[in-house]
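Peer 1: any chance you can model this:
(chains A, B, C and D)
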Number of protein chains: 2
Amino acid sequence: MTQKAPDTSAYQLSDQVGFNLRRANQRHVAIFARHVLDLTPTQFAALARLDEYGALSQNRLGRLTAMDSATIKGVVERLVAKDLVTSRADANDQRLRIVELTPAGQAAIARAKEQAIAARTETLAPISPEEVEQFEAILAKLVD
Amino acid sequence: MTQKAPDTSAYQLSDQVGFNLRRANQRHVAIFARHVLDLTPTQFAALARLDEYGALSQNRLGRLTAMDSATIKGVVERLVAKDLVTSRADANDQRLRIVELTPAGQAAIARAKEQAIAARTETLAPISPEEVEQFEAILAKLVD
DNA sequence: ACAAGACTGTTGGTATACAAACAAATGTTG
DNA sequence: CAACATTTGTTTGTATACCAACAGTCTTGT
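Peer 2: Model (predicted):
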């Protein structure tokens, strides 16, 4: 161990909320991937919203899943390729592309929900139930 | 408003910790970008670690900033292009590439630290000081 | 009705993020 | 010392994530 020790009196990156927020998210994504084998968190989010709301325009789906139009486009593209959703033009408004779950998509989201809950449980395992409540309440305030 | 309302009795994506964790991180990155104009959060993290520890091998820098070897490579590449760090082979261990702050890099991180603190403040503005403490303590437990 | 403005989706560019496969260099162990 | 294992860094491929610019389409104000 000839490594130089950090100057503990100074600014510490490890204490920065942003850094730990990023790491917490990384950890959750990794746990999620182990539990939900065939869907990324964002793909899961898109399917979950379509399950909640029914058919949605691509941009509205993006807003409901916190993705901008460029990002949701790629996500929908890959879900179409997996045959989990369909994408068609809207008859009334030529600007819109309507995205909807396929039967395979409905089956996939039903299965994935339980796996996502298991992922959530593992992610939150290091903290107490009280802390889970606090954490969820604070996160809700931070994202509006 | 002819939108179908979601089925509120069922699984709600908005309640999922993972989803809000991702959104909180997105929000922080956006705030950070407004305060720290010339550095991304990951570039800032790399510079901050080099400032704390001095010269580091590329992989060790990656571990200290929570980036895998493929990711840190690109980050270092862009920092070299901006002339904020140098990258050279280690004399003793031919496998290592030693990354070190340039004078411009030292100036940049000194300036960016204050801006990063301002970003942190804005990110945490929606919650009380007590909640900030709770939040930081819980995040620390979640990232080990 | 029609010009101005707003909205939707696409494209191109940049920047994480991680898995898998790989070569080169170094360490370890019998 | 020689076989094996580990570590480091690179490359390729896939998947977010967001900005800026753009063309169509729809809505609004007058």
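
Peer 1: thought residue A:101 was touching residue A:51, still the case?
Peer 2: Yes. The pair residue A:51 and residue A:101 qualifies as a contact (CB atoms under 8 Å) at a distance of 6.5 Å. For the C-beta atoms, the positions are set from N, CA and C on the backbone; glycine is no exception.

Peer 1: which residues do these two both contact?
Peer 2: residue A:109 (CB atoms under 8 Å, 6 or more residues apart in numbering or on different chains).

Peer 1: which strands and helices lie in contact with whichever strand or helix holds residue A:48?
Peer 2: Using DSSP states H and E, residue A:48 sits in helix A:41-53. Here helix A:41-53 touches helix A:17-35, helix A:58-64, helix A:69-81, strand A:85-89, strand A:97-101, helix A:103-123, helix B:17-35, going by 3 or more CB pairs under 8 Å, 6 or more residues apart in numbering or on different chains; DSSP states H and E.

Peer 1: ok, now which ones touch residue A:112?
Peer 2: Contacts of residue A:112 by CB under 8 Å, 6+ apart are A:36, A:38, A:39, A:44, A:47.

Peer 1: okay, it: pLDDT?
Peer 2: Model confidence at residue A:112, given as pLDDT, is 95.

Peer 1: where does chain A come near DNA strand D, residue by residue?
Peer 2: With CB under 7 Å from any atom of the strand as the criterion, chain A meets DNA strand D at residues A:40-43, A:66-71, A:74-75, A:78, A:92-95.

Peer 1: if you set the cut-off to 10 Å instead, what comes out?
Peer 2: Residues of chain A lying close to DNA strand D by CB under 10 Å from any atom of the strand are A:25, A:29, A:38-46, A:62, A:65-79, A:81-82, A:89-96.

Peer 1: in chain A, where is pLDDT below threshold?
Peer 2: A:1-11, A:13-15 (pLDDT under 70).

Peer 1: closest residue of chain A to DNA strand C?
Peer 2: Residue of chain A nearest DNA strand C, by CB to the nearest atom of the strand: residue A:59 (2.5 Å).

Peer 1: pretty sure that residue contacts residue A:73?
Peer 2: No. Look at residue A:59 against residue A:73 with CB under 8 Å: they stay out of range, at 9.3 Å.

Peer 1: joint contacts of these two?
Peer 2: With CB under 8 Å, 6+ apart, residue A:59 and residue A:73 have no common neighbours.
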